[in-house]
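Participant: next comes the sequence, and after it the predicted model I'd like to discuss.
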Amino acid sequence: MKSTVWLLAAATTLTLTVQAGTPPTKGSKTPNPAIRIAPDPDNGGIRLAKGFQALVFADNLGRARHAVADPVTGTLYVKLDRLKDGKGIVELLDTNGDGRADQTITFGTYPGTGMGIYNGYLYASSDTSVYRYKMTNGKVMATTQAEPIVVGLTLQRQHASKSLALSPDGKLFVNFGAPSNACQEKDRQKGSKGMDPCPILENYGGIWVFDANKLNQKQADGKRYATGIRNAVALDWNTSDNKLYALQHGRDNLNNWGGVFTDTVSAELPSEEFLQVNNGSDFGWPYCYNDHFQNKKMLAPEYGGDGKTQDRCAGKDKPIMAFPAHWAPNDLLFYKGSSGANAFPARYRNGAFVCFHGSWNRAPLNQGGYFVAFIPFGKNGLPSGKYEVFAENFAGVEEQGTPGENANAGKLALASPGDAKARPVGLAEGPDGSLYVTDSVKGKVWRIMYTAKK
């Protein structure tokens with residue numbers, strides 16, 4: 001009860017910073033006459049697929065995570081992983097129509113990751129709660145108090161972010177990442193066996209569903225919707241087929257077991273998994289991992305696996321697409337735009353964008369990730385083609401390949417994630433069809449627009 005009172009009391013003060021509007025960049029060309037917003041000449045330092053341009057919508061917000069845009073006004077909300085000036089949410093407004101944020105309002109006293117809008121409310125999460133703010137004309141007013149939706153969650157040291165997704169019928173889906181790598185008796189220790197059955201799965205390692213309209217729910221008030229998911233930071237509800245989708249962060253340290261699990265194998269496996277999540281899905285963690293080379297779920301070495309054995313994993317749910325290990329998919333967005341001055345071409349509608357935040361343990365191979373991928377989808381709720389590199393060069397290191405193709409594969413000569421100038425983490429779609437991408441290093445926000453003739 002104390003934590004709930006603190007949430008309501010602490011989240012009411014807002015700070016407003018008004019900045020001079022940034023004029024359109026001189027010399028920029030916009031082939032489409034409907035475009036009135038001038039992109040940056042260098043696209044804000046990133047490289048994009050053909051026909052697209054970008055501008056820096058905001059900068060230096062702090063460690064930005066997920067974002068969401070009001071579907072009518074376009075007001076952009078960005079969640080911060082760490083408080084900046086004591087605040088955890090940034091509200092960004094473009095009041096003069098130049099395409100860039102010129103008003104910055106900060107509020108809320110909890111850092112975190114999750115963001116969403118449903119039924120006139122802005123939903124956000126900390127590592128121990130989910131709460132919401134009533135919106136007025138697409139904005140959170142200074143007098144608006146936070147309402148607690150899910151409270152009393154235990155803070156964990158690993159995979160604590162409570163990313164979320166909302167369905168049109170009022171279901172709130174929340175990630176409960178496992179506070180463990182592979183449910184070993186001694187976490188991440190060589191030779192330590194996995195606990196069997198894994199007790200962590202009682203309260204973690206899956207996605208829980210709650211009532212988005214009900215206040216003061218505890219975890220026990222929700223229902224475990226899916227299990228066997230180590231950590232799914234990226235969640236989204238696809239309105240085209242009314243299903244939940246997620247991307248899982250695969251486990252680490254296969255090389256702790258030696259033998260066939262060499263350092264190189266551990267750099268490439270297990271897969272980062274793109275999941276269609278249905279009620280009752282079981283994707284196998286910690287007993288299983290996904291091997292995209294064999295296209296199979298394999299038994300983890302902590303449970304007797306040797307890189308060839310499936311055993312209990314043969315019947316586990318498989319991903320709809322798999323990526324190389326440790327790219328860290330941190331956000332997922334199904335693109336809806338069908339109109340608006342900056343709407344993407346028809347082939348992008350109902351397709352998926354994924355933010356890869358970048359790896360930390362792909363040695364001895366190159367770092368991977370640090371780009372935004374696009375995945376075309378068919379009417380059957382499954383990918384209709386391979387992923388494409390849509391936006392890259394966030395890290396500031398030259399990459400191989402051409403955006404729009406699959407040659408890059410996210411490989412870049414980067415010593416460590418700490419050397420990256422920016423790391424893409426959050427996605428949001430504006431009502432005009434623009435795609436926003438956030439950065440977790442300094443808090444830059446890019447606005448990506450389609451500017452070729454339609």
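Facilitator: That came through, no problem. Numbers count the residues shown, from 1 in each chain.
Participant: mind checking how far residue 323 is from residue 445?
Facilitator: 24 Å (C-beta to C-beta, to the nearest Å). Bear in mind the C-beta positions are built from the backbone N, C-alpha and C, glycine included.
Participant: same deal with residue 150?
Facilitator: 27 Å.
Participant: now do residue 204
Facilitator: 31 Å.
Participant: and for residue 208?
Facilitator: The gap separating residue 208 from residue 445 is 30 Å, by C-beta to C-beta.
Participant: any low-confidence regions in the stretch 251-400 of the chain?
Facilitator: Counting by pLDDT under 70, the stretch 251-400 of the chain contains low-confidence residues at 398-400.
Participant: give me that answer again for 90
Facilitator: The stretch 251-400 of the chain contains residues with pLDDT under 90 at 337-341, 358-368, 379-381, 396-400.
Participant: now the strands: where do they sit in it?
Facilitator: 272-277, 281-282, 288-291, 296-299, 321-323, 329-334, 352-356, 371-375, 388-392 (DSSP state E, counting those that start in this stretch).
Participant: who are the packing partners of the fifth one?
Facilitator: For strand 321-323, the helices and strands in contact under the criterion 3 or more C-beta pairs under 8 Å, 6 or more residues apart in numbering; DSSP states H and E are strand 272-277.
Participant: so what touches the strand it packs on?
Facilitator: 207, 225-226, 229, 232, 243-250, 281, 283, 290, 317, 319-329, 352, 354, 375, 381-383 (C-beta atoms under 8 Å, 6 or more residues apart in numbering).
Participant: among those, the buried ones, what's the ChimeraX command?
Facilitator: Remark: buried members of the contacts of strand 272-277, expressed as a ChimeraX selection using 16 or more other C-beta atoms under 10 Å:
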select :207,225,226,229,232,244,245,246,247,248,249,250,281,283,290,317,319,320,321,322,323,324,325,326,327,328,329,352,354,375,383
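Participant: distance of the closest residue to residue 230 other than its chain neighbours from residue 242?
Facilitator: Nearest non-adjacent residue to residue 230, counting by C-beta to C-beta, 6 or more residues apart in numbering: residue 285, 4.4 Å away. According to C-beta to C-beta, residue 285 stands 26 Å off from residue 242.
Participant: do residue 39 as well
Facilitator: Residue 39 is 35 Å from residue 242, by C-beta to C-beta.
Participant: where do the helices sit along this structure?
Facilitator: In the chain, the segments counted as helices under DSSP state H are 2-10, 263-268.
Participant: just the mean pLDDT for the first one, thanks.
Facilitator: This points to helix 2-10. What helix 2-10 shows for mean pLDDT is 33.
Participant: so, low pLDDT: which residues of the stretch 1-150 of the chain?
Facilitator: For the stretch 1-150 of the chain, the ranges with pLDDT under 90 are 1-37, 142-143.
Participant: just the strands of the stretch 251-400 of the chain: most buried one?
Facilitator: strand 352-356 (a mean of 27; mean count of other C-beta atoms under 10 Å).
Participant: please save the CA atoms from it in CSV.
Facilitator: These are the backbone C-alpha positions of strand 352-356, laid out as CSV (Å, rounded to 0.1, in the frame of the first residue of the first chain):
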residue,chain,number,x,y,z
ALA,A,352,6.9,-5.4,-38.6
PHE,A,353,9.7,-3.1,-37.6
VAL,A,354,12.2,-4.4,-35.1
CYS,A,355,14.8,-2.4,-33.1
PHE,A,356,18.0,-4.3,-32.5
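Participant: how many residues are close by residue 251?
Facilitator: 26 (other C-beta atoms under 10 Å).
Participant: what's the spacing between it and residue 314?
Facilitator: 19 Å.
Participant: just give the nearest non-adjacent residue to residue 388, would you?
Facilitator: residue 374 is the one closest to residue 388 (C-beta to C-beta, 6+ apart), at 4.8 Å.
Participant: that neighbour is in contact with residue 347, isn't it?
Facilitator: No: here residue 374 does not reach residue 347: they are 9.3 Å apart, not a contact under C-beta atoms under 8 Å.
Participant: partner residues bridging the residue most central in space within the chain?
Facilitator: Nearest to the geometric centre of the chain sits residue 331, at 1.6 Å (C-alpha atoms, centre = their mean). Bridge pairing for residue 331 (DSSP bridges) gives the partners residue 355.
Participant: contacts only, for it.
Facilitator: Residue 331 neighbours (C-beta under 8 Å, 6+ apart): 66, 233-234, 354-355, 425-427.
Participant: farthest-separated two in these?
Facilitator: Spatially, the most separated pair among the contacts of residue 331 is 66 and 354, at 13.1 Å (C-beta to C-beta).
Participant: just the CA coordinates of stretch 322-341, formatted as PDB?
Facilitator: Output of stretch 322-341 as PDB, limited to C-alpha atoms (Å, rounded to 0.1, in the frame of the first residue of the first chain):
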ATOM      1  CA  ALA A 322      15.000 -16.300 -36.000                       C
ATOM      2  CA  PHE A 323      18.000 -14.000 -35.900                       C
ATOM      3  CA  PRO A 324      21.700 -14.400 -34.900                       C
ATOM      4  CA  ALA A 325      22.500 -14.500 -31.200                       C
ATOM      5  CA  HIS A 326      22.800 -11.400 -28.900                       C
ATOM      6  CA  TRP A 327      21.500  -8.800 -31.300                       C
ATOM      7  CA  ALA A 328      19.100  -7.700 -28.400                       C
ATOM      8  CA  PRO A 329      15.700  -7.000 -30.100                       C
ATOM      9  CA  ASN A 330      14.200  -4.300 -27.900                       C
ATOM     10  CA  ASP A 331      11.100  -3.100 -29.600                       C
ATOM     11  CA  LEU A 332       8.500  -4.300 -32.100                       C
ATOM     12  CA  LEU A 333       6.000  -2.200 -34.100                       C
ATOM     13  CA  PHE A 334       3.500  -3.300 -36.700                       C
ATOM     14  CA  TYR A 335       3.200  -0.500 -39.100                       C
ATOM     15  CA  LYS A 336      -0.400   0.700 -39.700                       C
ATOM     16  CA  GLY A 337       0.000   3.900 -41.700                       C
ATOM     17  CA  SER A 338      -2.300   4.100 -44.700                       C
ATOM     18  CA  SER A 339      -2.600   7.800 -45.200                       C
ATOM     19  CA  GLY A 340      -0.900  11.000 -44.200                       C
ATOM     20  CA  ALA A 341       1.800  13.100 -45.800                       C
END
